[in-house]
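Participant: Here you go, sequence then predicted model.
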There are 2 protein chains.
Amino acid sequence: MGKDSEKELVGVKEIARRANVSIATVDRVLHHRSGVSEKTKAKIQAIIEELDYKPNILARRLASKKVLHLAVLIPLVSQETDYWNAPLMGITQAEEEIASYGVKIHKYFFDLNDRSSFVEQANLIADSQCDGVLLAPMFIEESKSFIQSCISKDMPYVLINSDIPEQNSLCYIGPNLYASGYLAAHLSGFLLTETDQILIVNISKEIDNHHHLLRKEEGFREYFSVNKRANDIFKIDIRQTTYEYVKSSMQNALDNKNIKLIFVTNSRVSSVARFLEETNIHGIKVIGFDFLKDNIEFLKKGTIDFLICQKPIEQGYKGIMTLYNHLVFSQEVEKVYHMPIDIITKENYLYYRN
Amino acid sequence: MGKDSEKELVGVKEIARRANVSIATVDRVLHHRSGVSEKTKAKIQAIIEELDYKPNILARRLASKKVLHLAVLIPLVSQETDYWNAPLMGITQAEEEIASYGVKIHKYFFDLNDRSSFVEQANLIADSQCDGVLLAPMFIEESKSFIQSCISKDMPYVLINSDIPEQNSLCYIGPNLYASGYLAAHLSGFLLTETDQILIVNISKEIDNHHHLLRKEEGFREYFSVNKRANDIFKIDIRQTTYEYVKSSMQNALDNKNIKLIFVTNSRVSSVARFLEETNIHGIKVIGFDFLKDNIEFLKKGTIDFLICQKPIEQGYKGIMTLYNHLVFSQEVEKVYHMPIDIITKENYLYYRN
DNA sequence: GTTAACTTCGGTTACGTACACGAAACTAGT
DNA sequence: ACTAGTTTCGTGTACGTAACCGAAGTTAAC
């Protein structure tokens, strides 16, 4: 209750009246344009302060006919994994929401297994004259050089999904990889006894992605170290993503051991689950990542015990909105926006919103 | 790729030109106003179809100077529990977002321990001439009669936090209570052995709230029944919310038993945790609800093992936005929007967003 | 055929802001 | 004091839509 502050919404007109100037002059002050004497500028600014003037965004976007061009550079949605479909959905959703506010979004896709396609698309963006970029920096070196060209063009960019720190991006929106690995370990703790053995599985073709998976692994191991859990932790890197390859790799990895829990460091956990099912291996708990159709199927059946998810749709959505709010409202942004680390089980997946 | 459909955004002017009428006539058709012959109406509608005309929301809200009045009726944030601070934040956030779009939000608060205050505030809303209502129907009968008055005034309303089904509200936004109880049981399963005893704790003054807690309890019990878990499940209803009362009740409840897990059916779990800590009881796992400051403190220390949370901020935010989108864009809405059932632990609470 | 009443429609202004254009005021140089 | 140049400012139009007002056209009654 209390401070309702029923100030009748005032506009430039009222400011102009009070300052004995025209609205054009007020407009000049508002946009920090030249052509106003220091004296009147001060007077107008005082009145703006006093009235706590907030420009009418509606009228503003309507009057300014210029359109905002945003570019998006993310992996192509492949049949191999449809993870990137989620961020794309968020991006599309944001697009629909702000389309009528004069924002155009240009989408560029690259092949996760082909660095050159990334460079190619990045160059296209660099040439196109756009106002901001949303980028999934999957290839580290290539991303860095693209980022440099953005900086030189004074073009703001937002990173999603995986961070490249110490670049001065507008912000990073995505998971805290280390923390999500740590949480996975914590969940594992509930499923294990003192002597059970653990297998960490990294499945990824590109070395750069491996780099990201490593951070999860570190977090995972750290939990066991901090909590003085002495379970044996084995690890396997699988460098091909086809099921056949995963299968034979897993067979090797499980051989002669007594693994009780498998931690798959990314969304490819469904391959592992499929393997366990097909080879009729029971009694192994499985933890992995991402709310994908395949993964959910195995979660339902109980082959996968936990999925950790980090709101991929929202990552895309927030990425675009951050650019928009920054460019249109010059809103300040958090440098790092870590996504919540969501735990999905058989019992709550129905209610999960990516 | 593909269908870019670069239709230059057309407006009423273009439609008027093509139909050889004035924009005023097009406007009449768009708003289903009278004064247009069937013939020209048909012609104009055909053109609207053809061009897939989408009105410019900016210009629309700008030109129509009428403001939208939304009323909010939720519990007062008390020192007893600051749960309702969260939905209020979401409401305020939505308010800020759409304030410049000509929306005014009027907030009414009632005392959770005083039915008459609810009725009083509800009457105020009924008298005020507003365009939509966001309602937390904590008192069932009183809510029903308020809802009736809304319906008779043809005033859309949205329910949050707890549902009163079979009323034709615009929609319900909130948890699936049953499912969240079920999930709580599932999590409990990880923490228990076959023979461990369980205590369910309901803490609530008002009988109507109890009714909601009951649904969680049902879900909880159902899990154990479905999964043929034979653990003893005890239960206690605590009808005073002061710590002293909770303390003595808990002492009784734990007496002569060997409880290994406590499931508190609402956010008052911190009272129980405090009790366990103060009386130096260890070895009992605790599961409860809501991301509240007090609860998080105990989660950090390990006294509480799991918190289940259902995005209270978002409930408020979405509630307002749903009304807004429905009234302004006549957007259709899902009748039931169940919030995700989030699991919060010591390891991921830092990254949780209410 | 005149008047009245009603139907159908167009012209116009307004919403709050952006910006091009040109007018006034001031400065400096002669 | 007159001009040229510069600074400072106001007028006017545009954005796409809403809605008032009144002008045509149409119909009905005498």
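Facilitator: Cool, the structure landed.
Participant: Show me what the worst-scoring helix or strand of chain A on mean pLDDT packs onto, helices and strands only.
Facilitator: Using mean pLDDT, DSSP states H and E, helix A:57-63 stands out as the lowest-scoring helix or strand of chain A, at a mean of 85. Helix A:57-63 makes packing contacts with helix A:312-329, helix B:57-63 when contacts are defined by 3 or more Cβ pairs under 8 Å, 6 or more residues apart in numbering or on different chains; DSSP states H and E. C-betas here are computed from N, CA, C, even on glycine.
Participant: A:Asp294 versus A:Thr303, what's the distance?
Facilitator: Going from A:Thr303 to A:Asp294 by Cβ to Cβ, to the nearest Å gives 11 Å.
Participant: one step back: deepest-packed of the helices and strands packed on helix A:57-63, please.
Facilitator: helix A:312-329 (a mean of 22; mean count of other Cβ atoms under 10 Å in any protein chain shown).
Participant: Give me the distance between it and the centre of its chain.
Facilitator: In this view, helix A:312-329 has its centroid 10 Å away from the chain centroid, taken as Cα atoms, centre = their mean, to the nearest Å.
Participant: do that helix and chain B meet at all?
Facilitator: No: residues of helix A:312-329 contacting chain B under Cβ under 8 Å from any Cβ of the partner chain: none, with a closest distance of 9.3 Å.
Participant: can that helix be found next to DNA strand C?
Facilitator: No: on the criterion Cβ under 7 Å from any atom of the strand, helix A:312-329 is out of touch with DNA strand C, staying 10.1 Å away.
Participant: For the next helix or strand after that helix, which strands pair with it and how are they oriented?
Facilitator: Next in sequence after helix A:312-329, counting helices and strands by DSSP states H and E, comes strand A:336-338. Under the criterion DSSP bridges, strand A:336-338 sits next to strand A:171-174 (parallel) in its sheet.
Participant: and the partner strand, what's its mean pLDDT?
Facilitator: The average of the pLDDT scores along strand A:171-174 is 95.
Participant: which element follows that strand toward the C-terminus?
Facilitator: Next along the chain after strand A:171-174, taking DSSP H and E as the criterion, comes helix A:177-191.
Participant: can you list the residues of the stretch 1-150 of chain A near DNA strand D?
Facilitator: Near DNA strand D, when you scan the stretch 1-150 of chain A using Cβ under 7 Å from any atom of the strand, you find A:16, A:20-25, A:28, A:34-41, A:59, A:62-63, A:65.
Participant: A:Lys216 in helix, strand or coil?
Facilitator: Secondary structure assignment for A:Lys216 (DSSP: H, G, I helix; E, B strand; the rest coil): helix.
Participant: residues contacting the nearest residue to it once chain neighbours are set aside?
Facilitator: The shortest distance from A:Lys216 to any residue other than its chain neighbours is 3.5 Å, reached at A:Gly181 (Cβ to Cβ, 6 or more residues apart in numbering or on different chains). For A:Gly181, the contact set (Cβ atoms under 8 Å, 6 or more residues apart in numbering or on different chains) comprises A:215-223, A:265.
Participant: re the thing from before, which of A:Thr303 and A:Asp294 has more neighbours?
Facilitator: Neighbours were counted for A:Thr303 and for A:Asp294 using other Cβ atoms under 10 Å in any protein chain shown; A:Thr303 has more, 22 against 18.
Participant: ok, now which ones touch the more buried one?
Facilitator: A:273, A:276-277, A:286.
Participant: please redo it, this time with the cut-off set to 10 Å
Facilitator: Residues near A:Thr303 by Cβ atoms under 10 Å, 6 or more residues apart in numbering or on different chains: A:269-270, A:272-277, A:281-282, A:284-286, A:295, A:297.
Participant: and those, which two are the farthest apart?
Facilitator: Spatially, the most separated pair among the contacts of A:Thr303 is A:His282 and A:Asn295, at 18.9 Å (Cβ to Cβ).
Participant: And these two? Which one has more around it.
Facilitator: Taking neighbours as other Cβ under 10 Å, A:His282 and A:Asn295 compare with A:Asn295 leading, 26 against 8.
Participant: quick one: contacts for the more buried one?
Facilitator: By Cβ under 10 Å, 6+ apart, the neighbours of A:Asn295 are A:83, A:264, A:267-270, A:273, A:286, A:288-289, A:303-304, A:307, A:309, A:344, A:349.
Participant: can you check A:Arg353 too?
Facilitator: A:291, A:309, A:311, A:313-314, A:342, B:311, B:314, B:337-340.
Participant: Out of these, which is nearest to DNA strand D?
Facilitator: Closest approach to DNA strand D among these (Cβ to the nearest atom of the strand): B:Tyr337, at 27.8 Å.
Participant: And for the spatially closest residue to that closest one that is not a sequence neighbour, the neighbour number?
Facilitator: Excluding the flanking residues, the one nearest B:Tyr337 by Cβ to Cβ, 6+ apart is B:Ile173, at 4.7 Å. For B:Ile173, the count of nearby residues is 28 (other Cβ under 10 Å).
Participant: can you tell me how far B:Ile173 sits from A:Thr241?
Facilitator: 40 Å.
Participant: which stretches of chain A form strands?
Facilitator: Using DSSP state E, the strands found in chain A span residues A:68-75, A:103-110, A:132-135, A:157-160, A:171-174, A:197-203, A:233-238, A:259-264, A:285-289, A:306-309, A:336-338, A:342-344.
Participant: Columns distance to B:His186 on top of the ones you listed, output as CSV?
Facilitator: As requested, those are exported to CSV (distance: least, Cβ to Cβ, whole Å):
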stretch, distance to B:His186
strand A:68-75, 34
strand A:103-110, 39
strand A:132-135, 37
strand A:157-160, 32
strand A:171-174, 28
strand A:197-203, 22
strand A:233-238, 26
strand A:259-264, 18
strand A:285-289, 14
strand A:306-309, 11
strand A:336-338, 26
strand A:342-344, 11
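Participant: coming back round to it: would you write a PyMOL line that selects the buried entries of the contacts of A:Gly181?
Facilitator: To isolate in PyMOL the members of the contacts of A:Gly181 that are buried, counting by 16 or more other Cβ atoms under 10 Å in any protein chain shown, one can use:
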select buried, chain A and resi 215+216+217+219+220+221+223+265
